[in-house]
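A.B. asks: please work out how this folds:
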Amino acid sequence: VHLQESGGGLVQTGGSLTLSCVASERPPSSYVWGWFRQAPGKEREAIASISYSGLNKQYADSVKGRFTISRDNSKHTVYLQMNSLKSEDTAVYYCATAPGMGYAINEYVPWGQGTQVTVSS
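C.D. replies: Down below sits the predicted model:
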């Protein structure tokens with residue numbers, strides 16, 4: 001399974017972007033989608049995850065209330081709606097899958113190539 005992110009770009013502070021990630025084929029059953037990001041010089045961090053049903057969502061405190069994760073299982077796609085963007089949101093954003101909720105970052109596989117999000121003030 002290959003994952004491909006899209007939707008990144010340059011946006012001003014306070015702006016919005018929507019990221020998408022599509023899987024080349026259906027991942028294993030009941031898979032969880034996760035979004036992650038990595039800023040220069042920092043470790044990769046988990047920012048959002050969503051269960052297969054879409055009913056269980058988790059967010060990092062840094063994005064809670066601003067970002068929304070959603071998924072379309074018929075399209076093997078996950079989305080990340082990002083609002084009220086801040087300069088500290090600048091990073092490469094990645095998607096990945098895991099067998100269930102609560103898995104550690106290193107248990108997510110596979111990973112996409114990433115898409116750059118740059119927020120300018």
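A.B. asks: from here on, just use CA atoms for contacts and neighbour counts.
C.D. replies: Fine.
A.B. asks: and the spatially most central residue of the chain, what are its bridge partners?
C.D. replies: What sits nearest the mean C-alpha location of the chain, by Cα atoms, centre = their mean, is residue 35, with 2.2 Å. Note on residue 35: beta-bridge partners residue 48, residue 95, judged by DSSP bridges.
A.B. asks: go ahead and confirm residue 39 touches residue 114.
C.D. replies: No. Between residue 39 and residue 114 there is no contact under Cα atoms under 8 Å: 11.7 Å.
A.B. asks: what touches both of those two?
C.D. replies: Listed as contacting both residue 39 and residue 114 by Cα atoms under 8 Å, 6 or more residues apart in numbering are residue 92.
A.B. asks: of those two, which one has the most company?
C.D. replies: Neighbour totals were compared for residue 39 and residue 114, and residue 114 leads with 21 against 16 (other Cα atoms under 10 Å).
A.B. asks: excluding chain neighbours, what is closest to that one?
C.D. replies: Nearest-residue entry for residue 114: residue 94, 4.5 Å, with adjacent residues in sequence omitted and distances by Cα to Cα, 6 or more residues apart in numbering.
A.B. asks: now do residue 81
C.D. replies: Per Cα to Cα, 6+ apart, closest to residue 81 is residue 18, 4.4 Å.
A.B. asks: who's in contact with that neighbour?
C.D. replies: Counting by Cα under 8 Å, 6+ apart, residue 18 touches 7, 8, 79, 80, 81, 82.
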